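Student: from the sequence below, what's the structure:
(2 chains)
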Protein chains: 2
Amino acid sequence: MALPSFQLWLALLLLTAACASAVHPRKLARLGGLKRLAANESSSDLPPEYEIHYYGQALDHFNYKPESYATFQQRYILNYKYWGGANSSSPIFVYTGEEKDVTYDVEGFILDLAARFKGLLLYIEHRYYGESMPFGSQNLAFQNSSTLGYLSSEQALADYAQVIVDVKKNLSAENCPAIAVGASYGGMLASWFRIKYPHIVIGALASSSPILYFDDITPQDGFDVVVTKDFKETSESCYNTIKQSWSEIDRVAAEPNGLTTLSNLFNTCSPLNSSQELKDYLGMMYEDAAQYDNPPYYPVQNTCRGIDGAPERTDILGRIVAALNSLNSWGSCQDILSYELSNQSAWDWQTCTEIVMPIGRGNETMFEAEPFDIENYTKECVDVFRVMPRPHWITTEFGGHDIKTVLGNFASNIIFSNGLRDPYSIGGVLEDISDSVVAVYTEQGAHCLDMELPTPDDPEWLVAQRDKEIKIISAWISEYHA
Amino acid sequence: MALPSFQLWLALLLLTAACASAVHPRKLARLGGLKRLAANESSSDLPPEYEIHYYGQALDHFNYKPESYATFQQRYILNYKYWGGANSSSPIFVYTGEEKDVTYDVEGFILDLAARFKGLLLYIEHRYYGESMPFGSQNLAFQNSSTLGYLSSEQALADYAQVIVDVKKNLSAENCPAIAVGASYGGMLASWFRIKYPHIVIGALASSSPILYFDDITPQDGFDVVVTKDFKETSESCYNTIKQSWSEIDRVAAEPNGLTTLSNLFNTCSPLNSSQELKDYLGMMYEDAAQYDNPPYYPVQNTCRGIDGAPERTDILGRIVAALNSLNSWGSCQDILSYELSNQSAWDWQTCTEIVMPIGRGNETMFEAEPFDIENYTKECVDVFRVMPRPHWITTEFGGHDIKTVLGNFASNIIFSNGLRDPYSIGGVLEDISDSVVAVYTEQGAHCLDMELPTPDDPEWLVAQRDKEIKIISAWISEYHA
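Tutor: Next comes the predicted model:
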C-alpha cells in the first residue's frame, strides 16, 4: 500500500480547520510558507449556512482616551443549522478565533458539538486577523507600534465578551448557555475567557493550549525535548541522522564553495546565504512534523521513512535530502523561508509584546543548542516593531504558576485537551485540576487533532478523546439547566 | 447626657480611615465639602512604622502603544510591625486603595487583622489619586480626556497585581498568601480583584461594595428607598417633615424675593441661585446621614432630633433649619455646594466612563422624583470631559447579573460585608452565594463601619460582624497552609 506523502500532509495541514496556523514561537514552527499560501485563498465561498456579520467593536476597552472610542468592523459568523433556538435554551458554541482568518475555522469538531447539542455556532474573528482590521485595512493597522498597539489578548477577550453579549441580546438568547471552544492560541483564549469572564461562558474547551509555556513555568527546552522524543521513538537511526546532520552541514559549508554545494544538494530556490539558513529551515520542518504528528499522515514517521529508507550507502545529508524531496510540493525547489520577524505579521507583534514563550533549545535534544535569549529577543522586537516585550505579564494577568492550587480553588468547567506528540503539550495542562477542570489527552496524536471534524477513519483513541469531551460538555449543559 | 452633635459626626467622618470619601454617585452623597477640606491636610505625618514606597507603574497595561510604556510613580505603603516574615509564610493584607489619598486609609480594621494574623500591611494607592499621578502632577494628569483616559478600574486592578507581585518578589514572600481588603469603591476593587486575579490573592474582604448597582440589576430608586426607610424608621414625623419640605421650599421660592427669603432663612454663605440648589444640598445631607448612619453618632437620629425637637409651633422650613444649624461646623453660614461635575475630579471622570451607577429617585421616597436619565448624564459627561459613558461595560467586564449562579460556580473566598442602613447596601451582595462567597451584614450600622479600627465602645453586633470576618479569613489562611 502506498503511504501518504509529505505533500499530502502539508496540503492537509493547510486545509484543516482548527490549527493550520497554530501557536508558533519565532524560529519554531512558524508555518510561514503555509500562511503565505493561505493568504491567497478566498474566504468568500463559505457554505450558505454560514452567515457573516460585523460588530462595531471598540478599539480599546480599557482606557477612555478619545481614540479608544473609534470602532472597527469585527467579523463574526453565525450558523443556525443545528440550533434549537432561544426558547429551547439551546447552547451557543463560541469559537474564540486565533491568529488567522476566521473563515478557515468554520469546519471542525465544533460542528459535531453543535449537531449533538442543537447548538448555535458563533465564530468570532480575532482583531488584526482576517477582515477584522482596525483602522480599515491591514496597511493602516500595521503602520507602526501606535496602530498595532491595540492588538493584545486582553482586548481580544473583551471583544469576545462584547460580541457574545450582543449576539445573545439580539437573539433574545440571554438564557442560552455559551461555551468557548478554541484551538492552540485560540484555546488559550478560550480557557482565559472562562477564567476571566465566567459570567459569559459556562465552560471552555481549550485544545492544545500551552498556557504554561510562559515565564519559565515550563522548562525552556521542553518543546524540542518532545520533538526529539517523537523522532527518537519513531526511529533511533532517524534521530541519530538528524542529530549528526547539523555539524555535517557546517562542515560542508566551510569547504570552498560550501554554500553552493549545499544549495545544489538541497536544491534551494535561491542560493543559501549561510548554513544557518538551511539549519533553521530543516529545524522548522522537524518541529512542524512533530507538532502535527497526527493520523493518518504521521509526518514524523514519514520524515524518518525518507531518512531511513534512502539507499544503504547514502550519507547523512543525502538522507536529509531524501526526506526533504518528498516535501517539495510547493514548487520544484526548496523555498528556504526567512525567519526574520516581519513587521507585517500580527503574530510576530504578539510574540513581541505579551506572548513571550521562552522556548530555547537545550543540550538534551536532537538540535544544536540554542538557549532562549531574552536580550536578543527584545532587541529584535525593538528593531522591527519599536516595542519592548513584557515577558512576565501573561502570568501576572492570567496566572500559570501553581496552577493546580489556583484553578483548583477557583475555576470550573474547563477541558484542556492535548496530544502528547505535540511539542506544545509540554506547556499544556496535563493533569486534572479538579472535578471540572480536567486534562483530556492522548498518547498518540499531536496538535489540535481533536478539533478536526470527526471522520469514519479516526483511530479509536481519538474517538475516545472526543467522546470524553462530549460527555463533559453534556454535563455542563445539564448542570446549567438543572 | 448630651448627645453627640452633627459637628462631631462630620468631624469623625472626615477623620475615619476607611470610607471618608466613599463611593458616591453624582448628585448623591458627593461629600464634596469633606473632600475639599481633606485636600488641605498633610499626609506627611504618618507614624514611623508606615514606610512609603513608589513603584514605576506602566501607564497602560492592555495596549502596547509607545506611550503606554511611560511609567508613573505609584505610591504604596508597607507596615511590617506585625509581620511574621516571609519564612513564616505569614499573610499579606493588601488594601486596594479607592478614590482618595491612600495615607488616609492606613488605620482601620486591617490593622487589627494584621495584628491577629501576623500580617504584612500593604496599602496601594489608586492611580490618579493622592500622589499616584500619571504625567507627574494632577495638573498634567487632568488636562483632558487623553491624559485622564488611563484612569479605569481595570488599569487599577492591573496596577495592584503588578505591585503585589513585585513586593512579594522583593521580600522573597512568594509563599505568603495575600488577601485583598477594600472599602466602598475600594471594596468593589477587592472583590473584582479576587474574581479576576485569583492567582494573586487568596481571598477578599469587600466592605460596603455595591457591585450590583450597575446596569439595572438593582432598581434605580433603591438607594433613596433605603435613605427613606432609615428616616421613616427613625421618626415618622421627621420623614413627613422632610417629604413636605420640598414643595414648601418651592412655594417660598416662588414668592416675591423668595430666593432671598430662603437665603436668609437658611443662612447661606452666598445668595441662592435657585430653589433646586437648596434642595440638592439638603438631599445630599440626608443621604450622607443615611450612608454614615453609624454609631456612636447615628446622624439620621440626630437630624431627626433637630427636626422633631424644634419648638412646637416651628413650621416645616424652620424645622429643617433647626436640623441644619447643628451642622454648621465649617463656618458661620451654609456653604451651598455645587453639584456640577468638575473636570478636576478623578471620581467624576470615573462616573463618566465606567462607574455608571443608575441611581434615580422614584416616587416611593421622601425626595422629589428624579429618575435617572442616561441621556442627560451622558450630555454632562460630554460637556465636561468630552467622554461618553459606557453604562453596560462594568457588567460585561465583571459580571453582576445572575451573580449567585456565576460566582457560585466560579468564585471562592470573598466576604461581602454591609450595614443595612447604608443606602448602598441595596446594591451589595446580601445573600451567601456559596460556602466561601458570603454575605456578612448587620441590620444596624451603615457604610464601611466594619472597616473602622475596633474600639472598646463598639456595639455587640459590630463586634460580632468583625469576629465573623476574622473567623472566615482565618479559615482561608489555614486552608492555604494545609
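
Student: quick one, what contacts residue A:388?
Tutor: A:378, A:381-382, B:69 (CB atoms under 8 Å, 6 or more residues apart in numbering or on different chains). Every residue, glycine included, has its C-beta placed from N, CA and C.

Student: looking at it now. What's its pLDDT?
Tutor: Note on residue A:388: pLDDT of 97.

Student: over to it: give its phi and psi.
Tutor: phi -100, psi 130 (degrees, to the nearest 10).

Student: which of the contacts of residue A:388 tops the neighbour count?
Tutor: Most neighbours among the contacts of residue A:388, by other CB atoms under 10 Å in any protein chain shown: residue A:381, with 22 neighbours.

Student: and the residue lying closest to that one once chain neighbours are set aside, how close does it get to residue A:149?
Tutor: Nearest residue to residue A:381, sequence neighbours excluded (CB to CB, 6 or more residues apart in numbering or on different chains): residue A:352, at 3.6 Å. According to CB to CB, to the nearest Å, residue A:352 and residue A:149 sit 12 Å apart.

Student: what's the closest non-adjacent residue to whichever residue of the stretch 251-400 of chain A sits closest to chain B?
Tutor: Per CB to the nearest CB, residue A:399 is where the stretch 251-400 of chain A lies closest to chain B, at 3.2 Å. Nearest non-adjacent residue to residue A:399, counting by CB to CB, 6+ apart: residue B:199, 3.2 Å away.

Student: ok, the contacts of residue A:388 vs residue B:292, which is closest?
Tutor: Taking CB to CB as the measure, residue B:69 is the one of these closest to residue B:292, at 41.8 Å.

Student: re earlier: ok, residue A:352 and residue A:149, which is more surrounded?
Tutor: The neighbour count for residue A:352 versus residue A:149, taken as other CB under 10 Å, is higher for residue A:352 (28 against 25).

Student: what does the stretch 1-150 of chain A put close to chain B?
Tutor: A:60-66, A:68-69, A:145-146, A:148-150 (CB under 8 Å from any CB of the partner chain).

Student: turn the buried ones among those into a named PyMOL selection, would you?
Tutor: Buried subset of the residues of the stretch 1-150 of chain A next to chain B, written as a PyMOL selection, criterion 16 or more other CB atoms under 10 Å in any protein chain shown:
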select buried, chain A and resi 60+61+62+63+64+65+68+145+148+149+150
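
Student: and which of the residues of the stretch 1-150 of chain A next to chain B is nearest residue A:210?
Tutor: Using CB to CB, the residues of the stretch 1-150 of chain A next to chain B come closest to residue A:210 at residue A:148, 23.4 Å.

Student: and the helix or strand hosting residue A:384, average pLDDT?
Tutor: Residue A:384 is part of helix A:374-385, with elements assigned from DSSP states H and E. What helix A:374-385 shows for mean pLDDT is 96.

Student: what helices or strands is that helix leaning on?
Tutor: Packed against helix A:374-385, as judged by 3 or more CB pairs under 8 Å, 6 or more residues apart in numbering or on different chains; DSSP states H and E, are the following elements: helix A:346-353.

Student: now the helix it packs on: mean pLDDT?
Tutor: Mean predicted confidence for helix A:346-353 is 96.

Student: go on, stretch A:264-275?
Tutor: 94.

Student: then stretch A:175-187?
Tutor: pLDDT averaged over stretch A:175-187 gives 97.

Student: close to chain B, is that stretch?
Tutor: No: remark: stretch A:175-187 sits outside contact range of chain B, by CB under 8 Å from any CB, the gap being at least 9.6 Å.

Student: first to last residue in that stretch, what's the distance?
Tutor: End-to-end distance of stretch A:175-187 (CA to CA, to the nearest Å): 24 Å.

Student: give me the buried positions along that stretch.
Tutor: A:176-187.

Student: isn't there a strand covering residue A:180?
Tutor: Yes: counting by DSSP: H, G, I helix; E, B strand; the rest coil, residue A:180 is part of a strand.

Student: any idea how far it is from chain B?
Tutor: Distance, residue A:180 to chain B, by CB to the nearest CB, to the nearest Å: 14 Å.

Student: right, and that residue touches residue A:92 too?
Tutor: No: Residue A:180 lies out of contact with residue A:92 (CB atoms under 8 Å); the separation is 9.8 Å.

Student: quick one: residues contacting the residue nearest to residue A:381.
Tutor: A:341, A:380-381, A:384-385, A:387, A:389 are the contacts of residue A:352 under CB under 8 Å, 6+ apart.

Student: confirm residue A:464 sits in a helix?
Tutor: Yes: under three-state DSSP, residue A:464 sits within a helix.

Student: and it, how many residues sit next to it?
Tutor: 13.

Student: nearest residue to it other than its sequence neighbours?
Tutor: Using CB to CB, 6+ apart, the closest residue to residue A:464 is residue A:442 (8.0 Å).

Student: got the contacts of residue A:388 as JSON lines, with distance to residue A:206 columns?
Tutor: As requested, these are exported to JSON lines (distance: CB to CB, whole Å):
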{"residue": "A:378", "distance to residue A:206": "29"}
{"residue": "A:381", "distance to residue A:206": "27"}
{"residue": "A:382", "distance to residue A:206": "32"}
{"residue": "B:69", "distance to residue A:206": "30"}
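
Student: dihedrals phi and psi, residue A:402?
Tutor: phi 50, psi 40.

Student: quick one: it and residue B:199 touch, right?
Tutor: Yes: between residue A:402 and residue B:199 there is a contact at 7.2 Å, judged by CB under 8 Å.

Student: surely residue A:262 touches residue A:254?
Tutor: No: under the criterion of CB under 8 Å, residue A:262 makes no contact with residue A:254, lying 10.6 Å away.

Student: looking at the two, which has the bigger crowd around it?
Tutor: residue A:262 (22 against 10).

Student: tell me which element the more buried one falls in.
Tutor: Here residue A:262 is assigned to helix A:258-265, by DSSP H and E.

Student: of the residues of the stretch 1-150 of chain A next to chain B, closest to residue B:310?
Tutor: residue A:64 (48.0 Å).

Student: what's the pLDDT at that closest one?
Tutor: 98.

Student: just for chain A, where's the confidence low?
Tutor: Within chain A, the stretches with pLDDT under 70 are A:1-44, A:327-331.

Student: go again using 50 as the cut-off
Tutor: A:1-4, A:12, A:14-18, A:20-24, A:27-41 (pLDDT under 50).

Student: can you map out the strands along it?
Tutor: A:51-58, A:71-79, A:92-96, A:120-124, A:178-183, A:203-207, A:414-419, A:437-442 (DSSP state E).

Student: could you spell out which stretches of chain A belong to which domain?
Tutor: Listed by the TED database, the domain ranges of chain A are A:50-215+A:395-481, A:221-390.

Student: and the helix holding residue A:384, what's buried?
Tutor: Buried-residue list, helix A:374-385, by 16+ other CB under 10 Å: A:377-378, A:380-381, A:384-385.

Student: wait, residue A:385 touches residue A:146, no?
Tutor: No: the pair residue A:385 / residue A:146 is not scored as a contact, 10.9 Å apart, by CB under 8 Å.

Student: what's the burial count for whichever residue of the stretch 151-300 of chain A sits closest to chain B?
Tutor: The minimum distance from the stretch 151-300 of chain A to chain B, using CB to the nearest CB, falls at residue A:199 (3.1 Å). Residue A:199 has 23 neighbours, counted by other CB under 10 Å.

Student: and for residue A:250?
Tutor: 16.

Student: who's in contact with the spatially closest residue to it that is not a sequence neighbour?
Tutor: Leaving out its chain neighbours, the residue that sits closest to residue A:250 by CB to CB, 6+ apart is residue A:275, at 5.4 Å. Residue A:275 makes contact with A:249-250, A:252-253, A:258-259, A:262, according to CB under 8 Å, 6+ apart.
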